[in-house]
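> Make a model of this:
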Amino acid sequence: MTRGTVRVSADPSASFAALARDLRRAGAGGLRKELYAGLQRAARPAIGAVRESAGSTLPRRGGLAARVAGAAITARAAGGRNPGIRIVAKERKGRSFDAYTLDQGRLRHPVYGQWRRRTPTQAVRPGWFTRPLNDSAPTFRKTLLDAVDRVERQISG
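Okay, the predicted model is just below:
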C-alpha cells in the first residue's frame, strides 16, 4: 500500500469499474466524465467527515490536526486487478504523510526538532480515517450507484 493511502472497500465498486472499463472501450469520454463527476459527488460528504475527524481526534499541539485536516483528500477510481475507490490524503505541498500508520494509532515525530534513530512512537486514537469513511459508506454507496444508474440510462437511451 502506498504511503498516504488508506483503502476502504465500497460495495458497488465492481459495477463502477465494469462500467468505466466499458465506457473506455467504447470511447464515450463524455459519459466517463459524468461517471467520475458522480464519484466526486459521492465522496464529498465522506471527505468532509474525514477532515472533521482529523481535526477532533489527532493531537492539536504541534499543528498535526490542522495540517492533516487541511490536507488534500481526494477520491480516485482504482482499476486493474482489484477495482475500487481509493480515498487518498496528501499534504498540499505534495509531500505525503503516513495516513495508514496514523490511522492504526501510531505517530512518529521529531523530538526537540530532530529525528533520531529511535524516535519514540506516540499512541493516538486509531480509526480517525477509516471510522468516518465506514460510517458514511451507505450514503456513499447509494450516491455512487445513482451515478452508475444515471450513466447506464443514458447509454441505453
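> Who are the packing partners of the host helix or strand of residue 88?
Here residue 88 sits within strand 84-90, counting by DSSP states H and E. Judged by 3 or more Cβ pairs under 8 Å, 6 or more residues apart in numbering; DSSP states H and E, the packing partners of strand 84-90 are strand 5-7, helix 13-26, helix 29-57, strand 72-78. Glycine gets a C-beta too; all of them are placed from N, C-alpha and C.
> Let me know which of these is the nearest to residue 111.
Of all the helices and strands packed on strand 84-90, helix 29-57 sits nearest to residue 111, with 22.5 Å by Cβ to Cβ.
> Can you give me the buried ones in that closest one?
Within helix 29-57, the residues that count as buried by 16 or more other Cβ atoms under 10 Å are 31-32, 34-36, 38-39, 42-43, 46-47, 49-51, 53-54, 57.
> Can you read off the pLDDT for the most centrally placed residue in the chain?
Note on the chain: the residue nearest the mean C-alpha position is residue 87, at 1.3 Å, using Cα atoms, centre = their mean. pLDDT, residue 87: 79.
> okay, the helices and strands packed on strand 84-90 in CSV with distance to residue 102 and mean pLDDT next?
Listed next are these as CSV, based on distance: least, Cβ to Cβ, whole Å; pLDDT from 0 to 100:
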stretch, distance to residue 102, mean pLDDT
strand 5-7, 9, 45
helix 13-26, 24, 67
helix 29-57, 9, 84
strand 72-78, 13, 76
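> Tell me the confidence at the spatially closest residue to residue 37 that is not a sequence neighbour?
Excluding its sequence neighbours, the residue lying closest to residue 37 (Cβ to Cβ, 6 or more residues apart in numbering) is residue 147, at 7.7 Å. Reported pLDDT at residue 147 in the predicted model: 80.
> Likewise for the one 5 residues further on?
Per-residue pLDDT puts residue 152 at 77.
> quick one: what helix or strand has the closest residue to residue 107 other than its chain neighbours in it?
Leaving out its chain neighbours, the residue that sits closest to residue 107 by Cβ to Cβ, 6+ apart is residue 122, at 4.5 Å. Element membership for residue 122 (DSSP H and E) is strand 121-123.
> Alright, calling it a day.
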